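>>> Generate a structure from the sequence data that follows.
(chains A and B, ligands or ions: 2)
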Number of protein chains: 2
Amino acid sequence: MSFLRICTGAARAIARPLPGGASRQLPRRLGYSLSQQCRFQTTGAHSASTSTQSKLTAPERFTTDSYPNLKRDPKFAQITEDDIAHFKSILPHRSSILTTTGAHANATPDDLEPFNTDWMRKYRGHTTLVLKPRTTTEASQILSYCNFRSLAVVPQGGNTGLVGGSIPVFDEIIISMNNFNQIRSFDPVSGILVCDAGVVLEVADQYLREQGHIFPLDLGAKGSCHVGGNVATNAGGLRLLRYGSLHGTVLGVEAVLPDGRIVNDLSTLRKNNTGYDLKQLFIGSEGTIGLITAISIQCPQKPTAHNVALFGLQSFDHVRQAFVKTKQQLSEILSAFELMDGNSQDLVAKVTGKKHPLESKCPFYVLIETSGSNDDHDAAKLDSLLEDLTTSEIISDGTQASNDTEFKGLWSWREGVPECLGHWGGVYKYDVSIPLAEFYDLVTATRKRCIEAGILGDRPEHLVVDVVGYGHVGDCNLHLNVPVRAYDKKVEQVLEPFIYEWIQERSGSISAEHGLGLAKKAYVGYSREPAMLKLMRDIKKQYDPKGIMNPYKYVEE
Amino acid sequence: MSFLRICTGAARAIARPLPGGASRQLPRRLGYSLSQQCRFQTTGAHSASTSTQSKLTAPERFTTDSYPNLKRDPKFAQITEDDIAHFKSILPHRSSILTTTGAHANATPDDLEPFNTDWMRKYRGHTTLVLKPRTTTEASQILSYCNFRSLAVVPQGGNTGLVGGSIPVFDEIIISMNNFNQIRSFDPVSGILVCDAGVVLEVADQYLREQGHIFPLDLGAKGSCHVGGNVATNAGGLRLLRYGSLHGTVLGVEAVLPDGRIVNDLSTLRKNNTGYDLKQLFIGSEGTIGLITAISIQCPQKPTAHNVALFGLQSFDHVRQAFVKTKQQLSEILSAFELMDGNSQDLVAKVTGKKHPLESKCPFYVLIETSGSNDDHDAAKLDSLLEDLTTSEIISDGTQASNDTEFKGLWSWREGVPECLGHWGGVYKYDVSIPLAEFYDLVTATRKRCIEAGILGDRPEHLVVDVVGYGHVGDCNLHLNVPVRAYDKKVEQVLEPFIYEWIQERSGSISAEHGLGLAKKAYVGYSREPAMLKLMRDIKKQYDPKGIMNPYKYVEE
Ligand SMILES: Cc1cc2nc3c(=O)[nH]c(=O)nc-3n(C[C@H](O)[C@H](O)[C@H](O)COP(=O)(O)OP(=O)(O)OC[C@H]3O[C@@H](n4cnc5c(N)ncnc54)[C@H](O)[C@@H]3O)c2cc1C
Ligand SMILES: Cc1cc2nc3c(=O)[nH]c(=O)nc-3n(C[C@H](O)[C@H](O)[C@H](O)COP(=O)(O)OP(=O)(O)OC[C@H]3O[C@@H](n4cnc5c(N)ncnc54)[C@H](O)[C@@H]3O)c2cc1C
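Ligands and ions are numbered 1, 2, ... in the order given. Presented below is the predicted three-dimensional model:
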């Protein structure tokens, strides 16, 4: 057993504010910004197929190639010179229009490439026109014209989505929210922020930190994703366990409907029971019923004390026991309870060449983090929890961070997982929700299935390197990852529909946080009954009768 | 200045679990249950008019008398013998039908009175038929038949709503959820409860306490209101500051649509991004788009330590400063920050004859409560906050509870306010949200207006006794109350539309938590723009094209 510091009482973690005021976050290189050079050179952490394709796509491959069954809907008009002239008349700023065609062309196809391609280089569209409105009125004029002309559009935020939702399939016009980047107001007394939809999450968070608050959401893509994109995807991320979902924290939304009507629901009130809470429909709507132009959101106090501990456990049942005790004892200061299975940690060790912080090998590891307002109190609670977990033999090994470097070091064994898994060639990734009772069983079942199919092993001819599981136990959100030596139809057939059916039988979700977009559209039936889908399509029809908003995706038939 | 215990360090509050495991709550007599004899004898805490009428209604007064302009919509069928025969055929239990008319009559009008009359004795309907389904299938069969026959219905939960939403206006059939009273499942690991809509809130909470959890909502009517009614009204209550709104905690809803279709969205997953989050529409829909038959909800760990402190302040600006410091320093353990103005405390003292716990008279009082997992830590945080507030002269007086009796005693000065205000004859009550910057200004402005109108004073001929403000500062939720010696049109004309216009100018909400029902229907335009109301009515039309669900109320035109 490694030296479990808390047992001696000698070297308990010293809680401390994080450097630069920033909370723990993915190493910057996992984030990305549009200007980053590496974007088309390395596929990064989330680069792998979400399994709907069998070959890693080169950037020159179009979505229309990967999805040959998708046909352009002839009901949509083609963009004409007149259309562009019209857009010029309503968007006075020259830089608000980027187009490659006709007399109005002011850009090369390369200039449009960052808008036409997604973060994973998996989806690539054919747009020839990007519009970047600056005001809600401009956005309204754009949409009302597109609706009138039956021109299809795709709202685009930071373009970090992982399901192809922000990329046109054919020639849909991209409405980029990059110019919607103003903080409108912040009230440090109530903690309510009102800002444009295009404000980058990290910018919002940084702004709030200076005022003693934080954004209630944090995720690896924070350097690029927009708060409007977060709301449009109902992003979950790292703070959900502590601060809850956006359905609870978002107080208001300003949006433009497909016909140009402006929905002014930008309330800054925590309580407002005056009719249906329509803004909720926009949270997670992935650009299909309107363009979100601003949000108001309840932001929590910035915690001033942080602790992290990592421990090893002998079974998933021990993980569940540890979770119960942790919830009980850390209660209001618990901010992360992250699971990594032993296989995932072996792979990280192999790829990085680093030594795991715990000496003994365990089938499961858990990382817990506390964030609170008092260093001593939090450390005392954590110490007593770890002592209890050790005494009751729920954990078999453990360590705590005692300084900033160790704090980051421990987190790197959780955060490094997605990145390292890509090492062998590719990863089939499933971001799913499963009731806690059977949380890890999916990993075991999938591994068994791969072994039985003879595709998992150490030799080069084995397609599958391993089957690993990690994720947010606190949210029942499992990342099932299957690192492979090459993408191959054979692997896909072993994994699917097996995994989806397994999830369906447990009433789980085939998409916990990443949404449907184009990638998961075909599989939504595994998580939603036909009656629910019918109701959703009714909503779509009501808000977007001409179907111009982000077509071919989400719950479209 | 009273003895501010924390200054000496000698007698800091001893945090302790509350007796019987129950958290602080309104004295039981403030709750009510259908069998309580006193129901038609005393009007209780919330008895007063919400100002749409000018005379305290005797129980024999019908809503149709108070709202003479409301006409029965002839599109709705009248109940026939055949209808009742049909309901008998689908509801096998004899006790599932209560009716006063025709050959099938099995009840007297008195038996139906508790269903026809609301908690405030302000609304009274004419129903002759109450249906009490036991299963979702029964509920579905009822609604699909009613829809087919164009029979209007009113869903009724615990019937504690304060805006007349649960009472028929004419002869609408009441669908009582009293028989939907089963807990379906609880997972103590994840804290997720699934239960029938008709489970009484207190029953659910008690059940959860036995498993180390609590319901994330608490309110004075807990002894009678249903969890389904709570979701239907998006109830706020006492735990909102700490656990957030039902939009964040409710994970799933099972509901029956007006045409009998069953919406199965009873997810037990914290994360599920597979399409529009339709259950959100049911949260706060007040029975207008479907009957909620079950809910699943994320329940927090039961806190084991509680503290309460009461202090006096010299201005509302001091209250705001105290709130900022309190949020900063108590952060994750803060569970209540309640304001009572000096006038409200004077009235409580006058009515109860008790001595206020603070010696000095102050224009404002604040009660704060902490709920956490460690007695010593919480008490230390509270001590240090109170010391800071005293040293910086933000508070001018204060005391802490050091035992259970004192804990309840301090709370009684907050919880007693609504009850005591009724003492003189009646109360005009406004439950509103106002941005914190101008939170208390509405009270000042209303008081000034009453003085100028010559209606406020100490003499019997003065209609208005006082204008007081209290409420949940943490949620920007103000209770503006105007105790009167008699309900009178003159008072109403002074108060309205003045108050609504004042709120509208500050983008506040005319109904923070009680909803619209019949009482606030006419005023929704003060808080919602016509474009929003149009969208809401579109939703209503989509879900309930024949308009049979809870007609004449909410956002109906
Ligand atoms: C490294 C990395 C880590 C990630 N980690 C997480 C995580 O922990 N949790 C998580 O949930 N997601 C995660 N994601 C996915 C992604 O970052 C989120 O979905 C994010 O919320 C998307 O925001 P965006 O601004 O980039 O939106 P985009 O990718 O531009 O768009 C996403 C969808 O929203 C729509 N949309 C965007 N903006 C608007 C708008 N203003 N109005 C209407 N519709 C709009 C688009 O049409 C599209 O359908 C991660 C992604 C990466 C690359
Ligand atoms: C003493 C007292 C204190 C209160 N304190 C608070 C408070 O702090 N915060 C607060 O928000 N409210 C408060 N209320 C108001 C009230 O208790 C809440 O609105 C409560 O949520 C209503 O629940 P119920 O089951 O009694 O619903 P009911 O009164 O029966 O119905 C309320 C509305 O919901 C609909 N409805 C009920 N059940 C269903 C269902 N299963 N499906 C569809 N529609 C349904 C009805 O048609 C009606 O429109 C208080 C009331 C009292 C009497």
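>>> Which part of chain A gets nearest to ligand 2, residue-wise?
Closest to ligand 2 within chain A is A:Asn273: 7.4 Å, counting by C-beta to the nearest ligand atom. (C-beta placed from N, C-alpha, C; glycine too.)
>>> Tell me how many other residues surround that residue.
27 (other C-beta atoms under 10 Å in any protein chain shown).
>>> Quick check: closest non-adjacent residue to it.
Nearest residue to A:Asn273, sequence neighbours excluded (C-beta to C-beta, 6 or more residues apart in numbering or on different chains): B:Gly515, at 4.5 Å.
>>> so what's that neighbour up against?
Residues in contact with B:Gly515, defined by C-beta atoms under 8 Å, 6 or more residues apart in numbering or on different chains, are A:273-274, B:161, B:163, B:165, B:233-234, B:284, B:286.
>>> Neighbour-wise, which one of those residues leads?
B:Gly165 (30 neighbours).
>>> And that residue, which helix or strand is it part of?
When elements are assigned from DSSP states H and E, B:Gly165 belongs to no helix and no strand.
>>> Kindly state the pLDDT recorded for the closest residue in space to it that isn't next to it in sequence?
Nearest residue to B:Gly165, sequence neighbours excluded (C-beta to C-beta, 6+ apart): B:Gly517, at 3.3 Å. What the model reports as pLDDT for B:Gly517 is 98.
>>> same deal with A:Ile214?
pLDDT, A:Ile214: 96.
>>> circling back: in helices, which of the contacts of B:Gly515 fall?
Judged by DSSP state H, these include B:Thr233 as members of helices.
>>> And the contacts of B:Gly515, which two are furthest apart?
Pairwise distances across the contacts of B:Gly515 peak at 14.8 Å for A:Thr274 and B:Gly161 (criterion: C-beta to C-beta).
>>> how far away is the spatially closest residue to A:Ala401 that is not a sequence neighbour from A:Asn230?
In this structure, A:Ala401 finds its nearest non-sequential neighbour in A:Phe407, 4.1 Å apart by C-beta to C-beta, 6+ apart. The gap separating A:Phe407 from A:Asn230 is 25 Å, by C-beta to C-beta, to the nearest Å.
>>> which of the two has more neighbours?
Higher neighbour count among A:Phe407 and A:Asn230: A:Asn230, with 29 against 23, using other C-beta under 10 Å.
>>> State the helix or strand in which that one lies.
Assigned by DSSP H and E, A:Asn230 belongs to helix A:227-233.
>>> name the helices or strands packed onto that helix?
The helices and strands touching helix A:227-233, judged by 3 or more C-beta pairs under 8 Å, 6 or more residues apart in numbering or on different chains; DSSP states H and E, are helix A:201-209, strand A:291-298.
>>> So for ligand 1, which of those sits nearest?
That would be strand A:291-298 among the helices and strands packed on helix A:227-233, by C-beta to the nearest ligand atom, at 3.6 Å.
>>> Could I get the average pLDDT for the next helix or strand after the closest one?
With elements assigned by DSSP H and E, the helix or strand that comes after strand A:291-298 is strand A:305-313. Taken as a whole, strand A:305-313 has an average pLDDT of 96.
>>> Near chain B, which residues of the stretch 301-450 of chain A are found?
Counting by C-beta under 8 Å from any C-beta of the partner chain, the residues of the stretch 301-450 of chain A close to chain B are A:301, A:303, A:320, A:323-324, A:327-333, A:372-374, A:377, A:380-381, A:433, A:435-437.
>>> Show me the residues you listed that map onto strands.
Counting by DSSP state E, the part of these found in strands is A:372, A:433.
>>> Looks like A:Ala309 contacts A:Glu387 (just checking).
No: with contact defined as C-beta atoms under 8 Å, A:Ala309 does not reach A:Glu387; the gap is 11.5 Å.
>>> ok, now which ones touch the closest residue to chain B within the stretch 1-150 of chain A?
Closest contact between the stretch 1-150 of chain A and chain B, by C-beta to the nearest C-beta, is at A:Ser140 (11.6 Å). Each residue near A:Ser140 by C-beta under 8 Å, 6+ apart is listed here: A:256, A:260-262.
>>> With A:Ala105 instead?
A:Thr99.
>>> For it, which three-state class applies?
Using DSSP: H, G, I helix; E, B strand; the rest coil, the three-state assignment for A:Ala105 comes out as coil.
>>> What confidence value was assigned to it?
pLDDT, A:Ala105: 96.
>>> go on, the one 3 residues further on?
Looking at A:Thr108, its pLDDT stands at 96.
>>> didn't it look like it was pressed against A:Leu98?
No: with contact defined as C-beta under 8 Å, A:Thr108 does not count as touching A:Leu98 (9.8 Å).
>>> Neighbour count for these two, which is higher?
A:Leu98 (20 against 10).
>>> give me the beta-bridge partners of the more buried one?
Using DSSP bridges, the bridge partners assigned to A:Leu98 are A:Val130.
>>> Now do the phi/psi pair for the residue nearest to A:Ala519 when sequence neighbours are not counted.
Take A:Ala519 and drop its neighbours on the chain: the residue closest to it by C-beta to C-beta, 6+ apart is A:Val163, 4.0 Å away. Backbone geometry at A:Val163, expressed as degrees, to the nearest 10, gives phi -130, psi 20.
>>> From ligand 1, how far off is A:Val163?
Noted for A:Val163: a distance of 8 Å to ligand 1, by C-beta to the nearest ligand atom, to the nearest Å.
>>> so where is the stretch 51-200 of chain A shaky, pLDDT-wise?
Scanning the stretch 51-200 of chain A with the threshold set as pLDDT under 70 gives A:51-60.
>>> Start from the N-terminal end of it and give the strands.
In the stretch 51-200 of chain A, the strands defined using DSSP state E, counting those that start in this stretch lie at A:97-99, A:129-131, A:153-156, A:173-176, A:183-187, A:192-196.
>>> Name the surrounding residues that touch the second one.
Right, the one you point to is strand A:129-131. Contacts for strand A:129-131 (C-beta under 8 Å, 6+ apart): A:79, A:84, A:87, A:91, A:96-101, A:107, A:112, A:115, A:142, A:171, A:173-176.
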